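[1] got a predicted structure here, sequence first:
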Amino acid sequence: MATKTSVQVTDKVNEVCEELKRTSLWRIDIPDWVYEYQKLPETGFAFGEWLQFVFLPNKLQGKKNRQSESIVPQAMKFFGNEVSKGRLLQLLVELDSLTD
């Protein structure tokens, strides 16, 4: 049975996915590097792709992120001062707060 927190995480991940689509960061095709992710160094791929294809699916499964549990510092480095990504950053803050 799903816990209240797991339902909240699922709902928040869905909101993040919708925001990725709204901000044109969503990809339909899975990049090749995803299939070899466990063998790759931790650089060399786009943050948005990593968020979509690694972090969010792992979050839904309750798995830990290789770098750290909190996604917001990484997102802030990637997005910088892009005002159009403010809603996405807010959703990631909310997601972090559900799983800290």
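    The structure has been received and is ready for your questions. Predicted model only: the values in this text are computed from it and were never measured.
[2] what sits up against the helix or strand of the chain with the lowest mean pLDDT?
    Here the helix or strand of the chain ranked lowest by mean pLDDT, DSSP states H and E is helix 72-79, holding a mean of 86. With contact meaning Cβ atoms under 8 Å, 6 or more residues apart in numbering, helix 72-79 is reached by 47, 48, 51, 67, 68, 85, 88, 89, 92, 93, 96. In short, each C-beta sits where N, CA and C put it, glycine included.
[3] okay, now the residue nearest to the first one when sequence neighbours are not counted: neighbour count?
    Nearest residue to residue 47, sequence neighbours excluded (Cβ to Cβ, 6 or more residues apart in numbering): residue 78, at 3.9 Å. Number of residues near residue 78 (other Cβ atoms under 10 Å) recorded here: 15.
[4] about what we covered before: got the buried residues for the least confident helix or strand of the chain?
    Applying a neighbour-count criterion of 16 or more other Cβ atoms under 10 Å, one finds 72, 74, 75, 79 buried in helix 72-79.
[5] return the member of those nearest to residue 34.
    Nearest to residue 34 among the buried residues of helix 72-79: residue 74, at 17.2 Å, using Cβ to Cβ.
[6] now stretch 88-96, how far from the centre of its chain.
    The chain centre lies 9 Å from the centre of stretch 88-96; the measure is Cα atoms, centre = their mean, to the nearest Å.
[7] quick check: mean pLDDT of it?
    Taken as a whole, stretch 88-96 has a mean pLDDT of 93.
[8] buried ones in it?
    By neighbour count on 16+ other Cβ under 10 Å, the buried set for stretch 88-96 is 88, 89, 91, 92, 95, 96.
[9] was I right to think the first one contacts residue 23?
    Yes. In this structure, residue 88 sits in contact with residue 23. The criterion is Cβ atoms under 8 Å, and the distance is 6.0 Å.
[10] which helix runs longest in this protein?
    If you go by DSSP state H, the chain has its longest helix at helix 4-22.
[11] give the contact list for residue 88.
    16, 19, 20, 23, 25, 75, 79.
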